[in-house]
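**Student:** What follows is a predicted protein model with its sequence.
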Amino acid sequence: MGKYSKNVFRPKLETDLPGHPGLLKLKPQIFVDRTLYPDSKLWVHMYVMPKMTKADLAEYKAEWQVHDADEIHMTFGREGAAKARWVLDNEELIADCPSTTYIPAGVRHYNEWLEINEPITIAVAILKGERRMV
């Protein structure tokens with residue numbers, strides 16, 4: 001067994017995602033955390049959001065949350081495929097697809113999808129090794 005043999009591993013299905021109603025049914029996978037790689041200093045999960053009607057989107061509105069580490073939320077897809085509303089503290093932001101939303105540690109935030117016109121991929125990274133709420 002080589003020095004870096006532990007550096008290649010498979011993701012695991014996410015089973016708990018506080019603050020995100022409805023998201024678990026999309027079967028998000030954790031690609032790296034301390035359970036998959038004990039020396040990890042970040043947590044990353046990914047999932048695919050299918051095309052949805054406006055009525056369906058309400059189920060995926062995140063609740064207010066605060067993390068003890070920086071968060072990066074990346075939306076991948078064709079330009080114009082989706083649009084999200086983010087609120088960081090009391091500031092409202094609109095993020096089109098593709099985009100990156102950076103949320104510094106300690107900033108109260110939530111997001112909701114305004115439209116998803118075709119499937120998109122979401123990747124979220126917490127830059128401290130765990131996804132903890134403060």
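**Tutor:** Nice, thanks for sending it over.
**Student:** what's the nearest residue to Leu127 if we skip its chain neighbours?
**Tutor:** Asp70 (4.5 Å; C-beta to C-beta, 6 or more residues apart in numbering). C-betas here are computed from N, CA, C, even on glycine.
**Student:** With Ile126 instead?
**Tutor:** Trp43 is the one closest to Ile126 (C-beta to C-beta, 6+ apart), at 4.3 Å.
**Student:** looking at it, the residue nearest to Leu127 is touching His109, isn't it?
**Tutor:** No - in this structure Asp70 lies outside contact range of His109 using C-beta atoms under 8 Å: 11.6 Å.
**Student:** Could I get the pLDDT score of the residue nearest to Ile126?
**Tutor:** With respect to pLDDT, Trp43 has a value of 92.
**Student:** go on, Lys3?
**Tutor:** We have a pLDDT of 89 for Lys3.
**Student:** and what of Lys6?
**Tutor:** pLDDT at Lys6 comes out at 88.
**Student:** what's around it, how many residues?
**Tutor:** Counted with other C-beta atoms under 10 Å, residues neighbouring Lys6 total 12.
**Student:** which of Asp70 and His109 has more neighbours?
**Tutor:** His109 (21 against 16).
**Student:** which SS class is the residue nearest to Trp64 when sequence neighbours are not counted?
**Tutor:** In this structure, Trp64 finds its nearest non-sequential neighbour in Tyr110, 5.0 Å apart by C-beta to C-beta, 6+ apart. Here Tyr110 is recorded as strand under DSSP: H, G, I helix; E, B strand; the rest coil.
**Student:** So Tyr110 sits against Ala62, correct?
**Tutor:** Yes - the pair Tyr110 / Ala62 is scored as a contact, 4.5 Å apart, by C-beta under 8 Å.
**Student:** what residues are shared contacts of the two?
**Tutor:** Gly19 (C-beta atoms under 8 Å, 6 or more residues apart in numbering).
**Student:** who's more crowded, those two?
**Tutor:** Remark: of Tyr110 and Ala62, Ala62 carries more neighbours, 20 against 15, as counted by other C-beta under 10 Å.
**Student:** Flag every buried residue along the lowest-mean-pLDDT helix or strand in the chain.
**Tutor:** Sorting the helices and strands of the chain by mean pLDDT, DSSP states H and E puts helix 54-57 at the bottom, at a mean of 93. By neighbour count on 16 or more other C-beta atoms under 10 Å, the buried set for helix 54-57 is Leu57.
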